[in-house]
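Participant: A structural model of the following input is requested.
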Amino acid sequence: MKEIKSGMKACAETRVSKENLAVTVGSGSLEVFATPMMTALMEKAAAAAVSECMENDETTVGTMLDITHVSATPEGMNVKAYAEVTEVNGREITFKVSAEDEAGLIGEGTHKRFVVFSEKFINKAKSKNIL
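Facilitator: All right, here's what the predicted structure looks like:
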């Protein structure tokens with residue numbers, strides 16, 4: 001892993017469509033941008049912010065989200081999510097995340113990701129016993 005520094009940032013964006021509405025993904029009954037889709041966009045931005053630091057079999061996985069979704073976004077609007085590294089503690093990375101549509105802020109909070117080795121991580125997940 002190359003050095004990850006506070007201040008590294010990235011943006012991810014999407015257009016609100018039928019596929020990412022609350023009523024479609026099952027997180028509500030309204031035709032507005034779904035909270036799970038907003039959080040996924042925030043995670044995408046965070047992963048992108050540090051992707052250039054990953055080497056060989058390394059990647060990051062999300063381990064914590066503490067966010068608020070403060071404004072609804074209707075179908076047809078664009079949404080951008082931003083992530084900025086605020087702290088690095090070994091392989092744990094903390095991000096300030098936010099999202100906005102064309103009218104302004106729609107969500108914000110904190111996100112943590114952890115650097116893992118892909119093959120080892122997948123093998124551990126696959127080794128779980130199913131009852």
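
Participant: Can you show me the helices along the chain?
Facilitator: Using DSSP state H, the helices found in the chain span residues 22-25, 35-50, 118-126.

Participant: which residues are contacting the second one?
Facilitator: Outside of helix 35-50, the residues that reach it under the criterion CB atoms under 8 Å, 6 or more residues apart in numbering are 4, 8-14, 20, 22, 25, 27-28, 59-60, 62, 65, 67, 69, 79, 81-85, 93, 95, 97-99, 106-107, 109, 111, 113. In short, each C-beta sits where N, CA and C put it, glycine included.

Participant: which among those residues end up buried?
Facilitator: Neighbour counting with 16 or more other CB atoms under 10 Å marks 4, 8-10, 12, 14, 20, 22, 60, 62, 65, 67, 69, 79, 81-85, 93, 95, 97-99, 106-107, 109, 111, 113 as buried within these.

Participant: mind listing what's buried in stretch 49-58?
Facilitator: The neighbour-count check on stretch 49-58 (16+ other CB under 10 Å) flags 49, 50, 53, 54, 58 as buried.

Participant: Please name the nearest non-neighbouring residue to the third one.
Facilitator: In space, and not counting its chain neighbours, residue 53 is closest to residue 2: 4.2 Å by CB to CB, 6 or more residues apart in numbering.
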